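A.B. asks: Sharing a sequence plus its predicted fold:
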There are 2 protein chains.
Amino acid sequence: MSTRTQSTEEYLEAVFKLQRGADPVTVKRLAGDLGIAPPSVSEMLGRLRAAGLVEEPAEGHGITLTAQGEAEGATLVRRHRLSERFLVDYLDMPWDAVHEEACKLEHVLSPEVEARLAEQLGNPRTCPHGHTIPAEDGSLVEEDLRPLTRLVPGDEGVIGCIAEESGELLRYLASLGLLPDTPVTVESVAPFNGPLLVRVGGSQYALGREVTDKILVRG
Amino acid sequence: MSTRTQSTEEYLEAVFKLQRGADPVTVKRLAGDLGIAPPSVSEMLGRLRAAGLVEEPAEGHGITLTAQGEAEGATLVRRHRLSERFLVDYLDMPWDAVHEEACKLEHVLSPEVEARLAEQLGNPRTCPHGHTIPAEDGSLVEEDLRPLTRLVPGDEGVIGCIAEESGELLRYLASLGLLPDTPVTVESVAPFNGPLLVRVGGSQYALGREVTDKILVRG
DNA sequence: GCCGATGATTAGGGTATCCTAACGAGGAGC
DNA sequence: GCTCCTCGTTAGGATACCCTAATCATCGGC
């Protein structure tokens, strides 16, 4: 029953992630996320429904996972994030490169390998970007975070996660030391949606909105 | 150019391995190895030919890889064996379980991950079963080994590799301490193709032909 | 020089996955 | 209440893979 194709797993994971947001999961959003034409998504959803992974929502509309779909989605996210942790912690890969690699790894980890990997890595709580790793039982409690952009001068916080998986932004943030669990203080906010002046350790940086929107802090 | 499907890679690897033997690589043998019907193999070979990975042999017959096919095959074998090493050395998995896992892993390792993995593992020379790992440039020099069955009483040798990737036999051998690089001495050979009495460290074991055929020794 | 065995290919299907183009249905705005 | 517009789905294809059944071709004997 759990011999899912790679494609199937990709859909499951995408639905799982979208479902955690507030907005309903639509064919269009899924298609956008996966880079696949809407009709293809419709078709695959039919297969997922037939496989008992997706069901008609109890109320309202939008695509909804069954308990099993949910569980398998969580497992995939867990394997993805564990893989990222592994790539960074054991292989010393740069954190902006690990998402793509983990996308491939997550589909080939057996429960056995997953378990041993988690253990060897010291059962990490989060991925390198700060996202919580679902537990083995599929439970996933995400922290309450808000974008740095929302803070006002004088506010302090600790970086929880970066809402971006790869790319130039991550390299930039790493070069400034803006990593998860780093305390930051907003010193000032320029008017007209201008940059935030942020203190990190002994340094101060002016960060544009595009950047501060992606930095989620707690506290 | 190097966006091979998993299937394609499987064929490439199988041809690569068969090509190292003396006998010509035939559709039938490939089909047997891969567990795929001969017509499907023919068809895939057509695709491989179109992709410039397989060519008509310069002389004689049999399926022949192009230089590129050869290189990609070697890379796959390298990734497979590195993966096995990783699973055993880092994840402490039993050596009889790693082949299946590595079969999946080998298809998702990027050159970057492959390189870092090799480095972290200390650039191992062989896989856990004793097979040589192809170098990064694709070169693969295999040792000259002979099955334990060929030795005569009094002969000593060092286990080079085990000609089996998984299964009960590997567990049995591990339980006796018959691992690669272990010195062994043949004490006696029972007549009529009987068992060999083999000394390993301080112990002595009677091993049947099925077992000694699979233990390849050097020296 | 014919003949059967053996191995490779052709013929004809099936599934999964993807695409574009065309169609239909429900809600926003007037 | 009517009209679009958006979104989802249907229709119609394409490709990669895999299968079984049937054909072809070749080689060792005789």
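C.D. replies: Sure thing, it's come through.
A.B. asks: okay, now A:E84: neighbour count?
C.D. replies: The burial count assigned to A:E84 is 28, neighbours taken as other CB atoms under 10 Å in any protein chain shown. Heads up, the C-betas are built off the backbone N, CA and C, glycines and all.
A.B. asks: Now do the same for it: its pLDDT.
C.D. replies: The predicted local confidence for A:E84 comes out at a pLDDT of 97.
A.B. asks: In terms of secondary structure, what does the helix or strand encompassing it contact?
C.D. replies: If you go by DSSP states H and E, A:E84 is part of helix A:67-89. For helix A:67-89, the packing partners by 3 or more CB pairs under 8 Å, 6 or more residues apart in numbering or on different chains; DSSP states H and E come out as helix A:6-19, helix A:98-105, helix A:111-120.
A.B. asks: is any part of it close to DNA strand C?
C.D. replies: No: in terms of CB under 7 Å from any atom of the strand, no part of helix A:67-89 sits within range of DNA strand C; the closest distance is 13.9 Å.
A.B. asks: Give me the local confidence score for the residue nearest the centre of chain A.
C.D. replies: Within chain A, the residue whose C-alpha comes closest to the C-alpha centroid is A:H131; the distance, by CA atoms, centre = their mean, is 5.5 Å. At A:H131, the model reports a pLDDT of 96.
A.B. asks: That one touches A:C161, doesn't it?
C.D. replies: Yes: the pair formed by A:H131 and A:C161 meets the contact definition of CB atoms under 8 Å, at 5.3 Å.
A.B. asks: Do I have it right that A:T185 meets A:E156?
C.D. replies: Yes: checked against CB under 8 Å, the pair A:T185 and A:E156 is within contact range at 4.7 Å.
A.B. asks: List the contacts of the residue of chain A most remote from its centre.
C.D. replies: No residue in chain A sits farther from the centre than A:P191, which is 30.9 Å out by CA atoms, centre = their mean. Applying CB atoms under 8 Å, 6 or more residues apart in numbering or on different chains to A:P191 gives no contacts.
A.B. asks: Distance check, it against DNA strand D.
C.D. replies: In this structure, A:P191 and DNA strand D are 34 Å apart, going by CB to the nearest atom of the strand, to the nearest Å.
A.B. asks: For A:T185 and A:E156, indicate the residue with more neighbours.
C.D. replies: The neighbour count for A:T185 versus A:E156, taken as other CB under 10 Å, is higher for A:T185 (15 against 12).
A.B. asks: Assign that one to helix, strand or coil.
C.D. replies: Using DSSP: H, G, I helix; E, B strand; the rest coil as the criterion, the local structure at A:T185 reads strand.
A.B. asks: Pull out the buried residues from stretch A:138-145.
C.D. replies: With burial defined by 16 or more other CB atoms under 10 Å in any protein chain shown, the residues of stretch A:138-145 counted as buried are A:G138, A:L140, A:L145.
A.B. asks: which strand residues sit across from the closest residue to the last one other than its chain neighbours in the sheet?
C.D. replies: Counting by CB to CB, 6 or more residues apart in numbering or on different chains, A:L216 is the residue found nearest to A:L145 once chain neighbours are left out, at 3.8 Å. Bridge pairing for A:L216 (DSSP bridges) gives the partners A:P147, A:C161.
A.B. asks: who wins for proximity to DNA strand C among the helices and strands packed on helix A:67-89?
C.D. replies: Between DNA strand C and those, the tightest spacing by CB to the nearest atom of the strand is seen for helix A:6-19, at 3.7 Å.
A.B. asks: Spell out which parts of chain A neighbour DNA strand C.
C.D. replies: So chain A meets DNA strand C at A:T5, A:S7, A:T8, A:E10, A:G35, A:I36, A:A37, A:P39, A:S40, A:E43, A:M44, A:R47 (CB under 7 Å from any atom of the strand).
A.B. asks: On the pLDDT front, check the fifth one for me.
C.D. replies: In this case it means A:G35. Here the pLDDT value assigned to A:G35 is 96.
A.B. asks: In contact with it: list those residues for me.
C.D. replies: By CB under 8 Å, 6+ apart, A:G35 has no neighbours at all.
A.B. asks: where does chain A come near chain B, residue by residue?
C.D. replies: A:87, A:90-93, A:97, A:101, A:104-105, A:107-108, A:110, A:112-113, A:116-117, A:120 (CB under 8 Å from any CB of the partner chain).
A.B. asks: ok so, going back, wasn't the residue farthest from the centre of chain A part of a strand?
C.D. replies: No: A:P191 is assigned coil when assessed by three-state DSSP, not a strand.
A.B. asks: For DNA strand D, state which of the buried residues of stretch A:138-145 is nearest.
C.D. replies: A:L140 (24.7 Å).
A.B. asks: I'd like to know how far A:V41 sits from A:Q68.
C.D. replies: From A:V41 across to A:Q68, the span is 20 Å (CB to CB, to the nearest Å).
A.B. asks: Kindly apply the preceding question to A:D23 instead.
C.D. replies: Counting by CB to CB, the gap from A:D23 to A:Q68 is 23 Å.
A.B. asks: which residues touch A:T8?
C.D. replies: When the contact criterion is CB under 8 Å, 6+ apart, the partners of A:T8 are A:M44, A:R47, A:L48, A:A51, A:L53.
A.B. asks: which of those tops the neighbour count?
C.D. replies: Neighbour count (other CB under 10 Å) singles out A:L53 as the most crowded of the contacts of A:T8, with 23 neighbours.
A.B. asks: my guess is A:E9 contacts A:R79, does it?
C.D. replies: No: counting by CB under 8 Å, no contact exists between A:E9 and A:R79, whose distance comes to 9.6 Å.
A.B. asks: Tell me which of the two has more neighbours.
C.D. replies: Here A:E9 and A:R79 are set side by side on neighbour count (other CB under 10 Å), and the busier one is A:R79, at 26 against 17.
A.B. asks: got any residues that touch both of A:E9 and A:R79?
C.D. replies: A:E106.
A.B. asks: Neighbour count: A:D23 and A:Q68, which is higher?
C.D. replies: Neighbours around A:D23 and A:Q68, counted as other CB under 10 Å, are more numerous at A:Q68. The numbers are 16 against 9.
A.B. asks: That one against A:G52, yeah?
C.D. replies: Yes: in this structure A:Q68 lies within contact range of A:G52 using CB under 8 Å: 6.1 Å.
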